[in-house]
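Visitor: The sequence and its predicted three-dimensional model are supplied below.
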Amino acid sequence: MLAILISIVGWAENFRIVLDFYPNPNHVPLYVAKELGFFQEEGVEVQILVPSDPSAPVKLVATQAVEMGLTPQMNFFLARDEGLPLIAVGALIDGALGGLLSLREYGIEKLSDLRGQSIGYSLEPLEPILWQTMLKSVGVKPGEYKLVYTGMNTVSALLSHAVTAIGAFRNYEALAVAILGYTPVFFAQEDYGVPNTYELLFVVHPDLLEKRLGEVRAVLRAISKGIEYVLAHPEESFSLFTKVFPELSDELNRRSFEVTTPLYAKGARHDDQSRWEAMQDFLLRTGMIAKTFPMEELYTTLALP
């Protein structure tokens with residue numbers, strides 16, 4: 001029966017998509033597309049994989065161990081600067097999620113209140129550059145605060161007051177501390193000198209795009225349908241997601257999904273050239289990348305729905 005079905009719908013070899021991190025509300029449209037058969041309708045058989053670490057997706061795509069990966073736009077630039085063969089074909093999250101998080105209980109109301117304080121971070125070298133940029137925009141200079149590496153224990157470091165602020169996502173850590181009874185004070189990075197970004201991009205190897213463009217288009221069409229369905233039916237979509245991951249059916253993930261929903265990229269679009277140019281200029285200026293790329297080497301609209 002499976003062989004007959006494959007011949008009817010025209011499935012090629014399995015199309016593997018590796019997430020940027022463990023499954024979470026950012027990924028709801030992918031699982032909606034999977035559960036409602038949108039990939040099958042487009043004639044592709046998709047397997048959604050979970051990476052061993054956040055740096056794995058770009059490496060897996062670059063070596064063609066998988067067909068497609070999810071990665072933040074800034075990480076994509078860093079990978080391209082390292083010489084990895086990648087091209088962005090679409091987006092899942094249209095807009096930044098990151099920033100700095102503190103608590104009103106610590107007397108923090110505006111970003112400049114972090115002068116003289118300790119700030120926790122988990123990802124080098126990117127986060128220190130981001131927080132330095134943000135603080136500089138309000139007149140707080142390097143040396144007027146302390147950066148503290150906390151590993152992945154950023155929230156516990158904040159709640160224990162080992163640090164006064166941490167790098168965080170508006171759709172997760174800021175909500176988590178609120179649920180615990182604290183008053184979060186979140187400073188969105190795009191409001192303080194960091195260009196807006198595509199938080200999550202779909203990337204492929206350029207050779208795969210050339211050889212299997214039809215499949216990439218079909219995958220993005222299905223994902224776009226998933227995004228449209230989520231926007232039209234949010235409650236049903238979250239239920240589908242938590243049917244797959246019942247352990248995520250809690251208040252934090254529900255709130256996270258509600259905050260994330262308006263940020264899904266309609267039509268999976270990722271082609272605001274001014275945003276690409278601003279981010280590339282920012283990363284070059286801050287020394288995060290050593291060279292620039294022509295826009296056509298960074299992203300393409302060929303596979304968009």
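Guide: Everything's here; your move.
Visitor: where exactly do the strands run in the stretch 151-300 of the chain?
Guide: Counting by DSSP state E, counting those that start in this stretch, the stretch 151-300 of the chain has strands at residues 165-169, 184-188, 200-204.
Visitor: Now do the host helix or strand of residue 33: which elements does it pack against?
Guide: If you go by DSSP states H and E, residue 33 is part of helix 28-35. Judged by 3 or more C-beta pairs under 8 Å, 6 or more residues apart in numbering; DSSP states H and E, helix 28-35 is in contact with strand 46-49, helix 213-232, helix 234-244. Where you see a C-beta, it was placed from the backbone N, CA and C, and this is true even at glycine.
Visitor: Tell me, domain by domain, which residues of this structure belong where.
Guide: Domain assignment of the chain by automatic domain parsing yields the ranges 2-95+197-298, 99-191.
Visitor: need those domains in TSV with mean pLDDT and distance to residue 305, can you?
Guide: Shown next, in TSV, are the domains of the chain (pLDDT from 0 to 100; distance: least, C-beta to C-beta, whole Å):
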stretch	mean pLDDT	distance to residue 305
domain 2-95+197-298	94	4
domain 99-191	97	25
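Visitor: ok, back up a step: if you compare the strands of the stretch 151-300 of the chain, which one is most tucked away?
Guide: Mean neighbour counts were taken over these using mean count of other C-beta atoms under 10 Å, and the top value, a mean of 27, falls to strand 200-204.
Visitor: send the alpha carbons of that strand over as PDB?
Guide: Listed in PDB are the C-alpha atoms of strand 200-204, where the atom choice follows Å, rounded to 0.1, in the frame of the first residue of the first chain:
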ATOM      1  CA  LEU A 200      14.400  31.700  12.000                       C
ATOM      2  CA  LEU A 201      15.300  31.000   8.400                       C
ATOM      3  CA  PHE A 202      15.000  27.900   6.200                       C
ATOM      4  CA  VAL A 203      18.300  27.200   4.600                       C
ATOM      5  CA  VAL A 204      19.500  24.600   2.100                       C
END
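Visitor: related to what we said a few turns ago, of all the strands of the stretch 151-300 of the chain, which one comes closest to residue 175?
Guide: Across the strands of the stretch 151-300 of the chain, the minimum distance to residue 175, taken as C-beta to C-beta, is reached by strand 184-188, at 7.8 Å.
Visitor: who does that closest one touch, helix- and strand-wise?
Guide: Using 3+ C-beta pairs under 8 Å, 6+ apart as the test, strand 184-188 ends up in contact with strand 98-103, helix 173-179.
Visitor: can I get the strands of the stretch 151-300 of the chain in a markdown table with distance to residue 228?
Guide: A markdown table is the format used below for these (distance: least, C-beta to C-beta, whole Å):
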| stretch | distance to residue 228 |
| --- | --- |
| strand 165-169 | 24 |
| strand 184-188 | 26 |
| strand 200-204 | 16 |
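Visitor: Out of those strands, flag the one nearest residue 109.
Guide: Of all these, it is strand 184-188 that lies closest to residue 109, at 6.7 Å by C-beta to C-beta.
Visitor: Now do the closest one and strand 98-103, the angle between them.
Guide: Between the axes of strand 184-188 and strand 98-103, defined by axes from the mean of the first three to the mean of the last three C-alpha atoms, to 10 degrees, the angle is 160 degrees.
Visitor: now strand 184-188, how far from the centre of its chain.
Guide: For strand 184-188, the distance between its averaged C-alpha position and the chain's averaged C-alpha position is 18 Å (C-alpha atoms, centre = their mean, to the nearest Å).
Visitor: who touches that strand?
Guide: Counting contacts by C-beta atoms under 8 Å, 6 or more residues apart in numbering, the residues outside strand 184-188 that touch it are 96, 99-104, 108-109, 111, 134, 168, 170, 174-175, 177-178.
Visitor: strands paired with it, and their directions?
Guide: Sheet pairing here is set by DSSP bridges, and for strand 184-188 it gives strand 98-103 (antiparallel).
Visitor: partner strands of whichever helix or strand comes after the strand it pairs with, parallel or antiparallel?
Guide: For strand 98-103, the succeeding helix or strand toward the C-terminus, using DSSP H and E, is strand 118-121. For strand 118-121, the pairing partners within the sheet under DSSP bridges are strand 146-149 (parallel), strand 165-169 (parallel).
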